[in-house]
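Asks: got a structure for you, letters missing:
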């Protein structure tokens with residue numbers, strides 16, 4: 001089958017969740033299909049990154065979206081009725097080019113990642129699958145709930161517009177998929193949407209020898225992303241103070257690309273903000289416990305799956321584990337308040353046997369339940385039915 005894949009970002013390097021998801025989908029789909037990739041780009045692509053994707057695609061088309069385009073598109077959202085998240089990525093001239101490519105390539109199927117790209121092909125009469133990935137409207141509502149007085153009404157309005165758009169675009173696609181059952185339930189229309197989770201590369205993310213650890217705690221993620229920023233601020237300002245009396249030297253690593261100014265300000269003699277790490281496994285392997293107090297955001301948290309695959313005991317929220325489905329307090333530790341997080345961290349730091357048990361059970365759970373091959377096979381089956 002010849003599949004045209006449409007993405008809002010070039011899939012490599014893997015620095016965000018949407019890139020990770022589509023990269024592995026491309027890698028698996030290429031084993032049995034001919035792939036044509038169309039990607040928006042907002043910065044130059046490194047040759048090595050282009051060649052990595054070229055291994056799996058017969059043709060790659062990229063379309064530059066400049067800062068001027070972005071600001072112009074956001075301004076247009078006031079008048080065109082589209083949510084900002086949709087208008088941000090849409091350009092009429094790019095749509096014309098994509099339609100020309102479709103005419104030239106004659107794909108059997110079109111696979112669109114995220115609702116932000118649907119305006120480009122929603123009217124194309126070729127079998128199409130939309131990957132909602134996350135419940136964007138619910139995520140935006142959560143942001144609105146924690147926003148300041150200026151942003152709150154803007155985000156509430158945006159959440160309502162996204163919800164309407166999620167419903168409207170539903171009928172334009174033959175198949176719809178999403179990353180978790182939790183996100184599916186949060187969509188305004190969930191009928192006939194298939195759940196296709198992310199997997200984990202278990203060969204890559206595997207436990208290393210357990211030597212002495214440089215850090216007690218670690219958090220990994222795109223540190224320019226609002227939910228991750230809020231998570232580490234909560235960890236530093238709400239959770240760690242509850243532990244300092246007993247553990248005055250407790251050490252935390254915050255690792256990940258593009259740390260915001262707020263995140264950089266958290267650094268001190270006991271807290272390291274590393275920024276980009278070439279091999280993210282080094283971050284996971286440097287700590288005893290992975291802590292992710294995430295209260296906003298959507299989707300499936302890849303960082304948790306990777307940490308569990310590497311044998312790290314993980315502490316996170318009910319919201320995050322709802323998407324993962326691990327057994328709370330056995331395969332993963334669930335906490336929803338600062339005190340619960342602090343108590344859980346204390347228990348794991350003090351009890352080496354407990355850490356080892358959570359590590360092992362979490363690793364087995366991820367290995368048995370999160371396989372890229374299994375989930376992409378399911379996606380491929382959806383394309384053909």
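Replies: Thanks, I have the structure now. Keep in mind that what you see is a predicted model, and the values were worked out from it rather than measured.
Asks: quick one: residue 372 from residue 181, how far?
Replies: From residue 372 across to residue 181, the span is 19 Å (CB to CB, to the nearest Å). Quick note: C-beta positions are derived from backbone N, CA and C, even for glycine.
Asks: higher neighbour count, these two?
Replies: Using other CB atoms under 10 Å, the more surrounded residue of residue 372 and residue 181 is residue 372, with 19 against 14.
Asks: tell me the pLDDT at that one?
Replies: Turning to residue 372, the model gives it a pLDDT of 96.
Asks: that one and residue 113, how far apart?
Replies: Distance check for residue 372 against residue 113: by CB to CB, it reads 15 Å.
Asks: and residue 286, by the same measure?
Replies: Computed as CB to CB, the residue 286 to residue 113 distance reads 32 Å.
Asks: repeat that for residue 181.
Replies: Residue 181 is 19 Å from residue 113, by CB to CB.
Asks: contacts for the worst-scoring helix or strand of the chain on mean pLDDT?
Replies: Ranking every helix and strand in the chain by mean pLDDT, DSSP states H and E puts helix 67-80 at the bottom, with a mean of 83. Applying CB atoms under 8 Å, 6 or more residues apart in numbering, the contact partners of helix 67-80 are 42, 82-84, 86-91.
Asks: buried set for that helix?
Replies: For helix 67-80, a neighbour-count test (16 or more other CB atoms under 10 Å) marks 69, 73, 76-77 as buried.
Asks: between all of those, which two are separated the most?
Replies: Maximum pairwise distance in the buried residues of helix 67-80, criterion CB to CB, is 12.9 Å, between 69 and 77.
Asks: quick one, phi/psi of residue 328?
Replies: When read as degrees, to the nearest 10, the backbone of residue 328 gives phi -60, psi 140.
Asks: residue 273: what secondary structure?
Replies: Following DSSP: H, G, I helix; E, B strand; the rest coil, residue 273 is assigned to strand.
Asks: and for residue 100, the neighbour number?
Replies: Residue 100 has 11 nearby residues by other CB under 10 Å.
Asks: got it, and residue 155?
Replies: 18.
Asks: return the distance of it relative to residue 137.
Replies: 11 Å.
Asks: quick check: domain ranges of the chain?
Replies: 2-197+372-383, 215-369 (automatic domain parsing).
Asks: go through those and name the closest to residue 204.
Replies: Nearest to residue 204 among those is domain 215-369; the distance by CB to CB comes to 7.4 Å.
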